[in-house]
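> okay, sequence plus prediction incoming.
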Amino acid sequence: MNIETVFKQDEAKLFCEEVIGNQQIKAKISKLLLYSIVGSAIYGFSMGLFHSPVQALSSAIKVSCLFFLTLAICLPTLHFMGLLLGSKMKLTHTFTILLTGIALNSILLAAFAPISLFFLFSGSKYEFLLLMHVVIFAFCGIASLLSIKRNTSNVSQIVNNGQEQSSSTLLKAWFIVYMFIGTQMSYLLAPFIGKNEGFILLASEKGDFFSYLFKIILELL
């Protein structure tokens, strides 16, 4: 399994068949974890450089934490609600499919790191950089969810002998929950870019991500 496997649609079904068949599952999970950690760390580092090298290192770690904490919160909901509705997937299979989406997300983020650095070294303001990062995260997140949807469909067909089990409503509802948990988690782990003069590991501000984003948009206008 190479880094491009998570992107290629023609290899997705074969990958899912191997996951269901427990073929080298530990090796697959290890590589997906590696791709996720390295990719998210690269982009997180590019975000934190706006403030300082210390903030860059902190952000590199926190972007990885953002993905895995969100996964830890949302994984049980999807898996056990799926079982309630008749899914035959094991917890390991659900975890691997979701981890594939996170790996894709992280690799895409790393691919956007040069753009992040370009605008950083061009002297862009904090408000612009924040909105740019939100847009990039949103784009990569949507691509990740589409990958999860595709792989879930493939797995459903495999475990149900070629007949896709209808679970689109559950998956769509879970996507909404996942996005809200992810955005709020990013707010709790902030700052990633770093606006204050001194280094702050975690901001003490209370509130939610969307209220803060709306405030930043008003300041930019």
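It's in.
> contacts, neighbours, all on C-alpha from now
Will do.
> burial count for the residue lying closest to Ala12 once chain neighbours are set aside?
Excluding the flanking residues, the one nearest Ala12 by Cα to Cα, 6 or more residues apart in numbering is Asn151, at 6.7 Å. If you count neighbours by other Cα atoms under 10 Å, Asn151 ends up with 23.
> right, and the helix or strand after the helix or strand encompassing Asn151?
Assigned by DSSP states H and E, Asn151 belongs to helix 126-159. Counting by DSSP H and E, the next helix or strand C-terminal to helix 126-159 is helix 168-189.
> which parts of that following helix are buried?
171, 174-175, 178-179, 181-189 (16 or more other Cα atoms under 10 Å).
> where does the chain have its least confident helix or strand?
Within the chain, no helix or strand scores below helix 209-220, which has a mean of 78 by mean pLDDT, DSSP states H and E.
> mind listing residues that contact it?
127-128, 131, 183-184, 186-187 (Cα atoms under 8 Å, 6 or more residues apart in numbering).
> what residues sit buried inside that helix?
209, 213, 216.
> and Leu117, how close does it get to Ala203?
24 Å (Cα to Cα, to the nearest Å).
> between the two, which is the more surrounded one?
Leu117 (16 against 13).
> point out where the chain drops to low pLDDT.
By pLDDT under 70, the low-scoring segments of the chain are 1, 160-167, 204, 221.
> residues contacting the most centrally placed residue in it?
Residue closest to the average C-alpha location in the chain (Cα atoms, centre = their mean): Ile102, at 4.5 Å. Going by Cα under 8 Å, 6+ apart, Ile102 touches 36, 67, 144.
> ok, and the closest non-adjacent residue to Val6?
The nearest residue in space to Val6 (Cα to Cα, 6+ apart) is Leu104, at 6.1 Å.
> mind checking the SS state of Gly198?
coil (DSSP: H, G, I helix; E, B strand; the rest coil).
> where's it relative to Ser52, distance?
Gly198 is 9 Å from Ser52, by Cα to Cα.
> more neighbours, these two?
Using other Cα under 10 Å, the more surrounded residue of Gly198 and Ser52 is Ser52, with 17 against 10.
> hmm, back to that, between the contacts of helix 209-220, which is closest to Leu98?
Thr183 (17.2 Å; Cα to Cα).
> list the contacts of the closest one.
Counted by Cα under 8 Å, 6+ apart, Thr183 has contacts Phe209.
> related to what we said a few turns ago, who wins for neighbours among the contacts of Ile102?
Ser36 (26 neighbours).
> so that one sits right up against Val63, yeah?
No: with contacts counted by Cα atoms under 8 Å, Ser36 stays clear of Val63, the gap being 9.9 Å.
> any idea how far the spatially closest residue to Tyr187 that is not a sequence neighbour lies from Leu202?
The shortest distance from Tyr187 to any non-neighbouring residue, by Cα to Cα, 6+ apart, is to Phe209 (5.3 Å). Using Cα to Cα, Phe209 is found at 14 Å from Leu202.
> do Tyr126 as well
Taken as Cα to Cα, the span from Tyr126 to Leu202 is 18 Å.
> fine, thanks again, bye for now.
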